[in-house]
Structure formats: C-alpha cells, structure tokens
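> fold the stuff below for me.
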Amino acid sequence: MEYIRITKENLEQEHICCAISNNKDIQVSSKKAWLKDRLDEGLVFLKSKERGKCFIEYIPAENAWVPIEAPEYMYIDCLWVSGSFKGHGYANDLLGYCIEDSKAKGKTGLCILSSAKKRGFLADPKFLKYKGFTVADESDNGIQLWYLPFTPDAQSPKFRECAKHPYTEEDGYVLYYTHQCPFTAKYVPVIEEIAKAHGVPFRSVHIQDRTTAQNTPSPVTTYALFKNGSYVTNEIQSDKKFLKLLEE
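Numbers count the residues shown, from 1 in each chain. This next block holds a predicted model:
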C-alpha cells in the first residue's frame, strides 16, 4: 500500500477519505478548511493512495482540540480503516508511521480517545489494547483516554476537569461540535431544523478555536450532544436517529 501525506500544496486535490470526493460538497470543504489551519500547528494527515476510509490524523497534544493535559504527547484525532481496507495490516502501518514520526519529534508517547466497549466515531479498544495502549483516565460518561508511552517513566496524560465531569447548565438540547469531522457540516443543520419544527429547545455551539475546544465540557469535541444538562452521545445524529431520540 502506498500512502500520501496531506500538505497545503496537495490538500485541494486529494481525497480525504471519510467524506465524498466532490470538493464542492460542504462536508469536504469544511473539513479541508479545518485541516489547512491545523497543518501549521503540526497536524499530520496520512492516507492511503487509493480512495476510501484508510487514514490516520494526529497532532501535538498541546494543539489538540480536546480538553486533555498531555505534555510532550502526540494526540491521535482519528485512525480509521474500514471497508475493503480491513484485514490487510494497514492500521498497523499507519500507527507504526505515527509512532516513528512522534519519536523522531521527541514525543514521549501517544494518546487517543476510546471507551471500554467500541463506540461509533471512537477508536477500537481491542485494537488499542493489542498495540500496547492502556487507559490513562476516564470521564463520567465512559469516554476513556488511552495512551502508549515510549518510556517507562513517561507521565500519563489526563482529562481536564471540564471533560472529566461532562455537564451543562442548560435545559433542552445543547450540541458542541467542530468541523474536524466533515459530517457535522451536513448533519448539524439537519437536526437544528428538526428541533425547530418540533418546538424543541436546541442550541448548537460551533467550536472554532483551540482554546474553546480545550475547555469544552466534554471529552469529545467533534460532536457532543447534551439533554437537560446530561451528556447523551458523541455519535453524529442523522434525521432518523434524532427523531428517534426525540421520541424516547
């Protein structure tokens, strides 16, 4: 398998794997705009040469859009291998590249979000355990911060208090999201309209800078939905999913 590293020079031409290929689609354009600004902050996006969901995205933890404390760590935004790419060792390739690159940059380890059991849009805990990752911290909502230290004396990362105990003080639905995930550009407006049509209190918070992201009251910032103060899900809601949620 050949891999391509996304740069400012090839960003507009390359397919970014997890969204449709049409660069005029709002999902693609929003994700690429987000990526472009992060490249100067040390973000690495490595993808298969073939189109499909086979890529890794990581960034120095101090620049990550998540509320964690992980000095000298590299944070993995997303490691995604699916479809026909599964079962060929590509996840090992991508993670191996990340490890070697991070060590070369003087990092003390890697960290990534997961959970005790596999959840949508989070890393597979079975794969992480197989690769030597362990749990460093856990939020009240079951989201875990896993880490792979490169040395025995490496300090373990942890969640900030706002992520450790997720809550909001608002009634109704509150959604925090970023354009790190391309699907938010399409589906956030969809559920905003559904909530409006059903007279449901709903407020969306588009996180547009790192400081806000690092102080968000949720360990997941790409998509964090709350209801009456309590955390509901990190899984992006389609119209059908959100309507089902309203019925419950």
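
> contacts, neighbours, all on C-alpha from now
OK.

> next up, the contacts around the one residue sitting closest to the centre of the chain.
The centroid of the chain falls nearest to Asp77 when counting by C-alpha atoms, centre = their mean (4.6 Å). Applying C-alpha atoms under 8 Å, 6 or more residues apart in numbering, one finds that Asp77 lies in contact with Ile56, Glu57, Tyr58, Ile59, Ala64, Ile112.

> which residues does the third one contact?
Listed by C-alpha under 8 Å, 6+ apart, the contact partners of Tyr58 are Leu43, Val44, Phe45, Met74, Tyr75, Ile76, Asp77, Cys78, Cys98.

> and which of the contacts of Asp77 is nearest Gln214?
Ala64 (7.7 Å; C-alpha to C-alpha).

> now the closest residue to the closest one other than its chain neighbours: how far from Ala224?
Closest residue in space to Ala64, ignoring its immediate chain neighbours: Tyr75 at 6.6 Å, by C-alpha to C-alpha, 6 or more residues apart in numbering. Tyr75 sits 19 Å away from Ala224, going by C-alpha to C-alpha, to the nearest Å.

> who has more neighbours, those two?
The residue with more neighbours, out of Tyr75 and Ala224, is Tyr75; 27 against 24, by other C-alpha atoms under 10 Å.

> shouldn't that one be within a strand?
Yes. According to DSSP: H, G, I helix; E, B strand; the rest coil, Tyr75 belongs to a strand.

> so it touches Trp65, yeah?
No. At 9.5 Å, Tyr75 does not count as touching Trp65 under the criterion of C-alpha atoms under 8 Å.

> now do the same for Asp37: helix, strand or coil?
Going by three-state DSSP: Asp37 is helix.

> run a quick neighbour tally on it.
Quick note: Asp37 (other C-alpha under 10 Å) scores 12 neighbours.

> please list all residues in contact with it.
Contacts of Asp37 (C-alpha under 8 Å, 6+ apart): none.

> swap in Lys186?
Lys186 touches Ile26, Gln27, counting by C-alpha under 8 Å, 6+ apart.

> can you tell me the element it falls in?
Using DSSP states H and E, Lys186 falls within helix 183-197.

> equivalent analysis for Tyr58, please.
strand 54-60.

> return the list of strands paired to that strand, each annotated with direction.
Paired with strand 54-60 in the same sheet, following DSSP bridges, are strand 44-48 (antiparallel), strand 73-81 (antiparallel).

> contacts for the first one next, please.
Strand 44-48 is contacted from outside by 1-6, 16-17, 54-59, 94, using C-alpha under 8 Å, 6+ apart.

> tell me the domain ranges of this protein?
Split into domains by automatic domain parsing, the chain comes to 3-160, 163-247.

> dump those domains to TSV, plus mean pLDDT.
Shown next, in TSV, are the domains of the chain (pLDDT from 0 to 100):
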stretch	mean pLDDT
domain 3-160	94
domain 163-247	97
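
> hang on, Cys78 packs against Ile56?
Yes. Contact criterion C-alpha under 8 Å: Cys78 and Ile56 qualify, at 5.7 Å.

> ok, Lys227 - contacts?
Neighbours of Lys227 in contact, by C-alpha under 8 Å, 6+ apart: Asp171, Gly172, Tyr173, Val174.
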